[in-house]
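Participant: following is a predicted model, sequence given first.
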Amino acid sequence: MAEQTVGRIGVESLTRFCIEAMTRVGVSESDAKITADALVTTETWGVHTHGTKLLPGYIRRLKGGGLRVDNPPKVSSEGPSWALVDGGSSIGQVTSTFAMRKAMEKAKETGIGYAGVFNSCHFGAAGYYAWLAANENLIGLSMANDWPTVAAPGSRKAVTGSNPLAFAIPGGKADPIMLDISTGAVAGGKVYAAQKLGKPIPDNWIVGPDGLPTTDLTLFPDQAALQPMAGHKGYGLALLIEALSALLTGAAMTYSVGFWMKDDPSTHTNHGAAFLAIDVEAMTPLPNFFGRVEELVKEIHEAPKAEGSDRIYLPGEMECEKRRIALRDGIDLPEDVRMVLKEMADSLSLDFEELE
């Protein structure tokens, strides 16, 4: 393996750091490994808003008791192709991994599987769970609801959460086709990053208390809301995700969901989530499917390019390329992520400096 590039942090080192931080506040080694893998994998994709930056917030809730370490997720009811999972207020990544694997298990038995979740918490990057399915030659979809931070067209306040949606399509020897989006115009984490770094934002990210676009970062999230992705289209998708993640599962909805970042850390948030898996091989031979994926990828890559463009990317290609570099050379963590991890390390008597 090549030596780690100066200034970058090795994937294994960052993973060990995250595991140590969680075990110091009572998380089991197995749950810490699951959570660390989700967070660090997200970092390798270059999605730094939903990686290890989230860990201090989880630590806060673990210390307060709002996230439990003694109540693992379990299936509360199920049928041949579906299951409802009680997260037990465990770490969101632990519950979500459990639920996605349950959906995958159902899909391998019946062709398609759904697992809905209640009593969960913030689950990080939706793409991680869809990626788990693609790694086993299944098409994966994942989504979750959240405390409202996104306005509806015409509203003066937030109406839905940023309600993320992700899918991953296995590509055989090729990278999976993978998309992970917020139904807000931008992920709330990017607004928080701009606040932390004192950077300006464009006027199409948030609306103020009058429902009109603003660039005043001091208003978010108490007096401002994210704009919906693509207007009414993002708003509609957010409601579909609310239905599959909360209406159907019995999880909290909209303002009944706990605000995991700011609410009393002793309270449970009761987030909802939904995971779907499709077993490709149940419907068509895998070699045929992968051949068709290759045809699709080739067609898109060879499409006429606009002036100044030298490549057309499929969703997930950039992330997969960044991951290969990160696995070889280490992760280049942004300064805002380093700042919050150093603060957390100090509070837990851990040495973050030795990773740098």
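Facilitator: Sure thing, it's come through.

Participant: quick one: average pLDDT of stretch 68-88?
Facilitator: Mean pLDDT, stretch 68-88: 98.

Participant: list the buried residues of it.
Facilitator: Buried positions in stretch 68-88, judged by neighbour count with 16 or more other Cβ atoms under 10 Å: 68-69, 72-73, 76, 82-88. Where C-beta positions appear, they are placed from N, C-alpha and C, glycine not excepted.

Participant: for these, which one is nearest residue 332?
Facilitator: Nearest to residue 332 among those: residue 69, at 31.8 Å, using Cβ to Cβ.

Participant: can you pull the contacts of residue 290?
Facilitator: By Cβ atoms under 8 Å, 6 or more residues apart in numbering, the contact list for residue 290 reads 170-174.

Participant: try 7 Å
Facilitator: Neighbouring residues of residue 290 by Cβ atoms under 7 Å, 6 or more residues apart in numbering: 171-172.

Participant: that one belongs to a helix?
Facilitator: Yes: assigned with DSSP: H, G, I helix; E, B strand; the rest coil, residue 290 falls within a helix.

Participant: and the gap between it and residue 137?
Facilitator: Residue 290 is 9 Å from residue 137, where distance means Cβ to Cβ, to the nearest Å.

Participant: so which bits of stretch 15-33 are buried?
Facilitator: By neighbour count on 16+ other Cβ under 10 Å, the buried set for stretch 15-33 is 15, 17-19, 21-22, 24-25, 27, 31-33.

Participant: for stretch 229-242, same thing?
Facilitator: Judged by neighbour count using 16+ other Cβ under 10 Å, the buried positions of stretch 229-242 are 229, 234-235, 237-239, 241-242.

Participant: contacts for it, please.
Facilitator: So stretch 229-242 is contacted by 143, 145, 150, 152-153, 160, 163, 165, 181-185, 228, 253 (Cβ under 7 Å, 6+ apart).

Participant: just the ones in strands from those, please.
Facilitator: With strands taken from DSSP state E, the overlap with these comprises 143, 150, 160, 165, 181.

Participant: residues near the third one, how many?
Facilitator: Neighbours of residue 160 under the rule other Cβ atoms under 10 Å: 28.

Participant: now do the SS call for residue 175.
Facilitator: Assigned with three-state DSSP, residue 175 falls in the strand class.

Participant: hmm, it is touching residue 316, no?
Facilitator: Yes: look at residue 175 against residue 316 with Cβ atoms under 7 Å: they come within range, at 6.0 Å.

Participant: so these two - more neighbours on which side?
Facilitator: More neighbours surround residue 316 than the other of residue 175 and residue 316, with 25 against 20 (other Cβ under 10 Å).

Participant: distance check, that one against residue 79.
Facilitator: To residue 79, residue 316 is 32 Å away according to Cβ to Cβ.
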